[in-house]
Every structure is written in C-alpha cells, then in structure tokens.
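*Asks:* Here's my sequence, what's the structure:
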Amino acid sequence: MKKSDRDIMEILEAYDTTGTAHSAAQLAGVDPKTVRRYVTARDAGMPVTGPSRRSRIIDEHLPQIEQWVERSKGRVRADIVHERLVALGFDGTERTTRRAVADAKAAWRAGHLRTYRPWITEPGLWMQFDWGEGPKVPGPGGVLRSTLLFCAWLAWSRYRVVIPVWDQTLPTLIACLDATVRRFGGVPTYALTDNPRTVSIDHVAGIAVRHPQIVETARHYGMAVHTCVPFDPESKGGSEATVKIAKADLVPTDANLLPDYASFADLEAACERFCATVNGRRHRESARIPNEALAEERPRLHTLPTVPHTLALGTTRSVGTDQTIRFGSVRYSTPPGLVGAEVWVRAAGTELVVVADLDSLPRTPDWAENRKGLSEVARHPLSPPGNPRIDPAHYPDHPQDPGGAPRPPVPRARSAAEARFLDLGPGAHTWLVAASAAGTVRIRAKMTAAVELAAFVGAEMVDSALSRAAEAGRFAEADLPAIVAHHADTTAGGVVVADEEHSVQPGTAAWAGFGSTGVQARS
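*Replies:* Numbering: from 1, shown residues only. Below you'll find the model as predicted:
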C-alpha cells in the first residue's frame, strides 16, 4: 500500500530522531524495510513521494541500447535490438526490450527536439497562398466534378480569402491571385507558396527555379513570389493552417454534417460566408479582428494595377467568321465586330468569360462605344461537348428565328396588283404567306377579287376577313365573301349572342309524359 505524503514525512522524521531503521519503524508503525527504502531514496536525491522504480533485468543492457538508439538517430527497431541482446546473453522477453527501446527513443527525441522561433511579420510585406481539395459539385451536364480551394491570407492582419475553382492551371492561379489582391485592396511585397509546377518548374542543387510566366505576372503586380523550403513549418505553416480551417468548414464530412452542394454557385456562396465569418471575428493569436487589421495594413500595400495581367484573363482564342470561339470542344458565340480578333477565355465557376482588348480592334462596335481597353464582351454557361452555346442577341440581323426555326417570309410587292393587295393591311400579308404555304391555286385571281371586294365594303373589313381566313385555313373562292358577309350581319345585329337567358340545348318537354300512368299502352 502506498504511503501518503504525511506518512512518509513522519517516517523520515522518526529516522532522523532515532538514527536507526528499527526504532524509527516502531515509532512510525511501519516495517523497517519501508523506512530503509524511503531513507535510501532521500539520500540518493530521488523523489520519495513519487512511485519508486524497481530494478529490471534489462538495466545492465541499457547503456548498449542507448548507444544503438543514438547511432541510428532514434530509428532502430525494437525487434533488432532484442535479437542483439539475446546474442549478448539477455534472457528476458521481447516485451521488456520494446519498453526499454521506447524509453530510450523518447529520451533521444527529447534531447534532439527542434525548436522554432515565431514568425514576426510586418504590415504590407507577406501574403501566403496554397491549394486544398474541395468538395465534389455538379459541373456542366450535371456530372459531379472535383473542385479545388484557393486559400490565401495576409500574414500580419490574418485576412483570409478562399476562392473555389475547377483546376489549378497557371491561368487559374493568376486569376485567383488577381482576385485576391483586389480583395486586399492592394499588393503586398512578397507572396509565399509551396512548390507546385505552376510556380517552380525545376530544382537545381535544392534551389527552386521559378516559372517564367509567374515571374512576369509578379512583376506586373509589383511583388516577388517566393517558395517554401521543404520541411520548413515556419514558412508553410500559415498557408497550411488556412487550408485546414477552410476545408473543415467548407468540405462536407461526418464531423461538420454539411449537406452536399447542389451547384458551384452554392459553393461560391459558402466560401463568401466563410470569409465573412473568419474575417469578422477576433483572431486568437493576434487578438485583432482581421477586417479592422486589414484597414490598418492597407496603406502599407502597393497600388493595384488598373488592369489584370493578361494571363489572368485565361487562354487566347481567335474569333471565327461565324462569330464563335472554341473552348473545351464547344462553340461559344461572341458579339458582332470581333471576327478575326484575338480574345481571352477562362472558366469562372460554371460560366465561360470572354474578354477582348477593344483598343486593338480596327473599328469599335456600336455596343462598345463607351468602353475601352480590356473588357468582358460575353459570358456563357459552360456546356458539355456537342452542345454549342449561341446567344441570338449576338446576331441581330440574322434571318433565322431566335428559336432556331426559319424566319417567316416577308411579302414585298413587285407589281401594281400585288401592291394594291398588300396595301389592304397586315391581314393581307398574313393571308398571302399562309395561302402560299398551303399550296392554294389561283392566288393572284383571289387577290384581285379581294381588292375589288374592298372597294364595296371597305379595306378594313376585307383585311380583317383575310386575317380570319388565314387563321382558319379557308382559301377557297367563296370563303372570303362568306366571311365578309358574316361580319356584316354581325355588325347589323342579326346574330343572336348566347348568354344566360338563351341556350342552344334542346328542350325535354316531349319526354314529360314518358312512363306516366296516364298514358295507356297500346294493345
């Protein structure tokens, strides 16, 4: 039974008074062996109130185990150590060896623990960015696609930006960087990231070789891009923590119970809400609200360029003679006036954005009179291959109907007789188109008869009759006069209009006596 601290102090006090273990044991009411154990521990400088360590069979081999652990830098396996100890005469179990090796490794790691100095940042100097795997959302055609989360933050103010994208190609990266610095309201001096292929194209003697286009982009924005040193948490920990926090709150898992996203727009809205939340609450490390800290840091940031870098606009495409560009094996239409011009296209969420340099066009289109420089000229929903996206508004003078059907023909008089007929009104135009489509014979004679009839009853009545004849498909010789006569009778008041007081239902008076007893049956 373990003694309490008070009992141990009484045992030691009794030994100090009597000088012998036997007498002290009688005073304290314990066994003399207990007195000797606590006195020996005290004289050896060991704690007397903690658990005592018993001698083990492996104690004599501990120096050799420590030597092997030191030589292997804490990587030696316990089963290898046990085999060597058995060869040296150790007759204990492998479990004893494993415990001793684990203790030796723990002591070695404690003596070789790497220490880190906190990163003390300055306002306006550093931003970090990294990529994280996002959730799967429906893409074009409703097929689930994997997404990526571009995560960036300002090291001093802890202001975070999370942008969902479909890929991490170089144009997408530059577009995200442009959107990020515009959310910051300025450009920091340095941008720190990992070593993806879009940033580092090679490593020579451990030195990362920058991608030429990323260097050109950084020069455009007035900042320098640096990459992290491998296995260096000081330079990579901030961006990795940003990615970890974003994924924990945005990617549906069993831990956060988030539902699946119905569309890419829902994921974008969730990222906006996440950024608003984390940038509006007090940061645990800096004890500042990132939105307020960004307002303090913004004067230390560089001025934003007026236009983004062209690589941020996407990939280049040439506009064909049919006013379309091809992206992802799909044709997309562009406004008039861009045939032969070079435009930039990029996928922004579930949409395709088309940007053109209006200053480079030989002639400014009418729709772009008040616009200059790089400007967005078209935006289409992304479409799967084989389904072109054509905006009818991009073809204002095209004869085809916007729905895809051929445009109805427009009558144009080519003789005096045709002109007199078409002058009757729009009904005459409608009748001529419908009669021609129905294969009506003797159309010219019927047109002349309509003009002659209009001279008697008026052009307005004949035009209305022609419109009704076209709707009903009546193109015979006597159809038009009959319709005109019917209209004349209706105007004169000779037609009975059915209402609540008049009914066309036949009466049942003839059936009143059917089945009654007053009717005698015929014999």
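*Asks:* nearest spatial neighbour of residue 244, skipping sequence neighbours?
*Replies:* residue 132 (7.9 Å; C-beta to C-beta, 6 or more residues apart in numbering). From N, CA and C alone the C-beta is placed, and that goes for glycine too.
*Asks:* Contacts only, for the one you found.
*Replies:* 148, 149, 151, 243, 244, 246, 247 (C-beta atoms under 8 Å, 6 or more residues apart in numbering).
*Asks:* Show me the shaky parts of the stretch 401-523 of the chain.
*Replies:* 401-407, 489-507, 509-510, 513-523 (pLDDT under 70).
*Asks:* again, but for the stretch 251-400 of the chain
*Replies:* 370-374, 399-400.
*Asks:* returning to that earlier point: from the contacts of residue 132, which is closest to residue 360?
*Replies:* Checking these against residue 360 by C-beta to C-beta gives residue 148 as the nearest, at 32.7 Å.
*Asks:* I'd say the closest one and residue 169 touch.
*Replies:* No: at 10.3 Å, residue 148 does not count as touching residue 169 under the criterion of C-beta atoms under 8 Å.
*Asks:* returning to that earlier point: closest to residue 12 among the contacts of residue 132?
*Replies:* residue 244 (52.9 Å).
*Asks:* and the closest one, what element?
*Replies:* helix 233-250 (DSSP states H and E).
*Asks:* what's the following helix or strand after that helix?
*Replies:* helix 264-278.
*Asks:* Need the contact partners of that following helix.
*Replies:* 134-135, 137-139, 147, 149, 160-164, 245-246, 249-250, 261, 290, 349-350.
*Asks:* Can you flag which of the residues you listed belong to strands?
*Replies:* 134, 135, 137, 138, 147, 149, 160, 161, 162, 163, 164 (DSSP state E).
*Asks:* and the third one, how far is that from residue 346?
*Replies:* In this case it means residue 137. 18 Å (C-beta to C-beta, to the nearest Å).
*Asks:* What of the fifth one?
*Replies:* In this structure, residue 147 and residue 346 are separated by 16 Å, where distance is defined by C-beta to C-beta.
*Asks:* before we move on, what about the second one?
*Replies:* When distance is defined by C-beta to C-beta, residue 135 is 22 Å away from residue 346.
*Asks:* Check the fourth one too.
*Replies:* Using C-beta to C-beta, one obtains 20 Å as the distance from residue 138 to residue 346.
*Asks:* Which of these two has more residues huddled nearby?
*Replies:* Neighbours were counted for residue 138 and for residue 346 using other C-beta atoms under 10 Å; residue 346 has more, 20 against 16.
*Asks:* I'd say that one and residue 174 touch.
*Replies:* No: applying C-beta under 8 Å, one finds residue 346 not in contact with residue 174, separated by 9.7 Å.
*Asks:* okay, now residue 71: neighbour count?
*Replies:* Neighbours of residue 71 using other C-beta under 10 Å come to 10.
*Asks:* The one 10 residues further on now?
*Replies:* By other C-beta under 10 Å, the residues close to residue 81 number 23.
*Asks:* repeat for residue 291
*Replies:* 14.
*Asks:* Please apply the same query to the one 3 residues further on.
*Replies:* The tally of other residues near residue 294 (other C-beta under 10 Å) stands at 22.
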